[in-house]
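Q: need a structure here:
(chains A, B and C)
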Amino acid sequence: MRSLQAPRRWEKFLWPAVAFALLLAAWHFAVIWTGTKVLPSPLEVKKGLAELLQEHVLWNDIQDSLRRVAIGFGLAALLGIPLGLTLGWYPAANRVVNPAIQILRPISPIAWIPVAILFLGVGDHAATSLIFLGAFFPIVVSCVDGVNNVPSVFRRAGRNFGLTPLQLLGRVVFPAALPQIIVGLRIAFGIAWLVVVAAEMVAVDSGLGYLIIDSRNSGKRYDLVVAAMLLIGIIGLGLDFLFRGLERAKSVRWGFRHES
Amino acid sequence: MKDLNLLVRLRPVAFIVVLLAIWQVAVMMHPGQLLPSPWQVIGGLADLLQHGLLFKYVVASLFRVTWGFGLAVILAIPLGLIIGWYHRADMALGPVIEVLRPISPLAWIPIAILWFGVGDLSAIFLIFLGCFFPLLLTAINAVRSIPDVYVNAGRNFGLRPLDLIYRVLYPAVIPQLLIGLRISLGVAWLVVVAAEMIAVNSGLGFLIVDARNAGNRYDLVVAGMVVIGIIGLLLDMAMRSLEKVKSFRWSYSED
Amino acid sequence: MPTQTAGQHSSTRESVDTAKLSTHNLGMVFHRGGETISVLEKINLAVADGEFVCLLGPSGCGKSTLLNTMAGFLSPTSGEVRVDNQIVQGPDPRRIFVFQERGVFPWLTVEGNIAFGLANLTREERERRIAHYVQMVGLQGFEKAYPSELSGGMKQRLEVARALAVNPDMLLLDEPFGALDSITRLTMRQELLRIWQTERKTIVFVTHDIDEAVQLADRVVVMSARPASIQQIVTIDIPHPRDISSARYLELRDGIFAQIGLAHKI
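A: This next block holds a predicted model:
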């Protein structure tokens, strides 16, 4: 039964706080009761986090991860958006290229790791190219879908006002498709963040993913492992928020359903 | 006219053939380097088939995906429907979910190995994690986007809660759930490959790292990648055809 | 007595030559799913410069298709459309089509929408025009608003303003008030007439509402069901502003009702 009584404003803060507190308590007591030596308790993780924050290395790792994501994702957007728009605009071209894209897309970027290492060796470039691969296809596909989903009313109105095909693409189709393109960018970014962790676990020796593997390998510091995991979650969340902020811009807001 | 039609249909094939040709020529122009040519990849595939390894590994990977995905579906969807239905539950758990969601399942790998050791369970656990949150969020969103009119109409006709769930809620959320299932299956396939590369000793992901480690058999590596791509594509196509089933299509109305 | 004109030869040779827009034996056939559907048959129509003509018919009869061919979005499968005695080849800013409010661009403000067709003007000229048409359609104060913040009626007015801003020769309106409530519709009809009397554009207006047609048009083109042909053209000889309870109005209206075959008592 959906609550007929609308929740009050302060409840927005009360309930999550309660949930968090309960979960933390459950975690804490689970560790104590089972007497497990291997899972760290919340307090230990907090200490581990503090330790990491004090060490200079953490900031370098965060920077490295962010940098790789920025470059890989940036390239994917730079190349993917024009390509996606073109394929959406010229359905004939899309019919030719699409099957190839559909075959390459399901090969997870992680499967490309050995090939990337082969070509580019262990290091930054391999990680960046993997991130590029992971973000590229979702961006292209969402651009194509965005263009295809532009209601024909807008195209007709544009033609009515005497726009050339190129002007039509720039002044009507692109703004109309922008909400969907942004959603694609946000999803692709999430994938990029996922891939960077994986790539750093395997192919490089710095970054948050590497931090996780390293903490375990050199000393079974599971408190650091969990601390790093939480950090990954929080940073990923923060970046996602930034994207959602983009979605609120007035010129694209119309394309998103908002809760009243 | 018929000939022209055939030519047009062959263009995508021609495109792929051209790409393969470029690949082949590029490899031939650089002798001594390790990347295999398309031809060698086919040889690698034949090799795997012959030794029965391909079948064994594909089954292993699919087995893990089934379990991990299945568990996620059974747990995430009912939970998501409940959270979506009760406003306060959403308010309470929403932020928690938002924090846990961006932690990639791969970051959980050390914990997985810690708890489950190197083996099937680790992989299943990681796949479960990878699918759980997308499915949960899909279910929550699906419930929240049910237009109130449907619920009110159901109540108006005197439906009891159980009936309401079966006759109003369930049909209304199915289309979105199917899309979510398809996307989660894609994630599951991605995660299983990663999990197998690091945490298990069989499966397609393992094949890729093993082939490289034990002898630089890059023809097998790429063959493995191709199989991964094809199976991923088939899974996706299977889910899409499910979406097309007429009885599920009511919400895809065109203006 | 409503003026009866035979469907086929509704215009003299002379008026066709001087007409702003004319269709000659226009026909439209669609192929869908293996079937051949004839939507329009032998439409011959002449619209004079500055005239207000309504295309009236039941939903789905093809009047929108006819309007789209006039605008140049569709090519007729037989016959032709001429504007200023030249065959229509495609859409043109001189013949602006007004959709049912969903044609406004949601990513542009009110100002942005109205300015859409004015890219070739100087900045001062553009701003002058925007101000002029915002005033004309009564959207003062909403210049910086986005369509999502406007009501249905306001969006419709915005679309009309955008259409007028480029100073077209003709306005083609496809059931523009269909999505509005009946009270707003009355207001919008008055607005449209006011604008028409000021600007004296040629207007072709598609509707399924008999009252709307008789209230607005100089001539009402009554179209049959699919395949659509011109059943009758009725000249409304009442000067504006029209008293909708006058005997003449009711006479014309009832005539059309009878022509379409609708009972008078519900």
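Q: Pull the number of nearby residues for residue A:48.
A: Residue A:48: 21 surrounding residues under other Cβ atoms under 10 Å in any protein chain shown. (C-beta placed from N, C-alpha, C; glycine too.)
Q: Could I get the average pLDDT for the strand or helix carrying residue B:55?
A: Per DSSP states H and E, residue B:55 falls inside helix B:53-85. In this model, helix B:53-85 has an average pLDDT of 90.
Q: is the next helix or strand along the chain from that helix up against chain A anywhere?
A: Where DSSP H and E defines the elements, the next helix or strand beyond helix B:53-85 is helix B:87-100. Yes: using Cβ under 8 Å from any Cβ of the partner chain, we find that helix B:87-100 touches chain A at B:87-88, B:91-96, B:98-100.
Q: how about those residues in a markdown table, adding distance to chain C?
A: Shown next, in a markdown table, are the residues of helix B:87-100 next to chain A (distance: Cβ to the nearest Cβ, whole Å):
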| residue | distance to chain C |
| --- | --- |
| B:87 | 25 |
| B:88 | 30 |
| B:91 | 27 |
| B:92 | 31 |
| B:93 | 31 |
| B:94 | 26 |
| B:95 | 28 |
| B:96 | 32 |
| B:98 | 26 |
| B:99 | 31 |
| B:100 | 33 |
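Q: The helix holding residue B:55 near chain A at all?
A: Yes: judged by Cβ under 8 Å from any Cβ, helix B:53-85 comes into contact with chain A at residue B:85.
Q: ok so, going back, is there a quick ChimeraX command that grabs whichever of the residues of helix B:87-100 next to chain A are buried?
A: Buried members of the residues of helix B:87-100 next to chain A can be picked out in ChimeraX with the line below, counting by 16 or more other Cβ atoms under 10 Å in any protein chain shown:
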select /B:87,91,92,93,94,95,98,99,100
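Q: how distant is the helix holding residue B:55 from the center of its chain?
A: 9 Å (Cα atoms, centre = their mean, to the nearest Å).
Q: in the stretch 51-200 of chain C, which spans are strands?
A: Using DSSP state E, counting those that start in this stretch, the strands of the stretch 51-200 of chain C run over residues C:52-56, C:78-83, C:86-87, C:95-98, C:170-174.
Q: which ones are touching the residue in the stretch 151-260 of chain A that chain B sits nearest to?
A: The minimum distance from the stretch 151-260 of chain A to chain B, using Cβ to the nearest Cβ, falls at residue A:236 (2.8 Å). Taking Cβ atoms under 8 Å, 6 or more residues apart in numbering or on different chains, we find residue A:236 in contact with A:190, A:193, B:101-104.
Q: what helix or strand is the residue nearest the centre of chain A on?
A: Nearest to the mean C-alpha position of chain A, by Cα atoms, centre = their mean, lies residue A:190 at 1.3 Å. If you go by DSSP H and E, residue A:190 is part of helix A:174-202.
Q: what comes into contact with stretch C:136-143?
A: C:109-111, C:130, C:134, C:149-150, C:154, C:157-158, C:160-161, C:164, C:191, C:195, C:198.
Q: What of stretch C:179-193?
A: Contacts for stretch C:179-193 (Cβ under 8 Å, 6+ apart): C:100-101, C:137-138, C:152-153, C:156-157, C:160, C:176-177, C:203, C:212, C:215-216, C:240-241.
Q: List, one by one, the residues from the stretch 51-200 of chain A near chain B.
A: A:95-100, A:102-108, A:110-115, A:118-119, A:151, A:190, A:193-194, A:197-198.
Q: In helices only, show me those residues.
A: A:95-100, A:102-104, A:113-115, A:118-119, A:190, A:193-194, A:197-198 (DSSP state H).
Q: Buried ones among those residues?
A: Among these, the ones that count as buried by 16+ other Cβ under 10 Å are A:96-98, A:100, A:102, A:104, A:113-115, A:118, A:190, A:193-194, A:197-198.
Q: among the residues you listed, which two are most distant?
A: Greatest spacing in those, by Cβ to Cβ: A:96 and A:197 (35.2 Å).
Q: got the phi/psi numbers for residue B:173?
A: Phi and psi for residue B:173, reported as degrees, to the nearest 10, are phi -90, psi -10.
Q: Okay, and the closest residue to it other than its chain neighbours sits in which element?
A: Counting by Cβ to Cβ, 6 or more residues apart in numbering or on different chains, residue B:173 lies nearest to residue B:142, which is 3.9 Å off, once chain neighbours are set aside. Using DSSP H and E, residue B:142 sits in helix B:120-144.
Q: for that helix, packing partners?
A: helix B:53-85, helix B:87-100, helix B:109-116, helix B:170-199 (3 or more Cβ pairs under 8 Å, 6 or more residues apart in numbering or on different chains; DSSP states H and E).
Q: That helix: what's the following helix or strand?
A: Assigned by DSSP H and E, the successor of helix B:120-144 is helix B:148-156.
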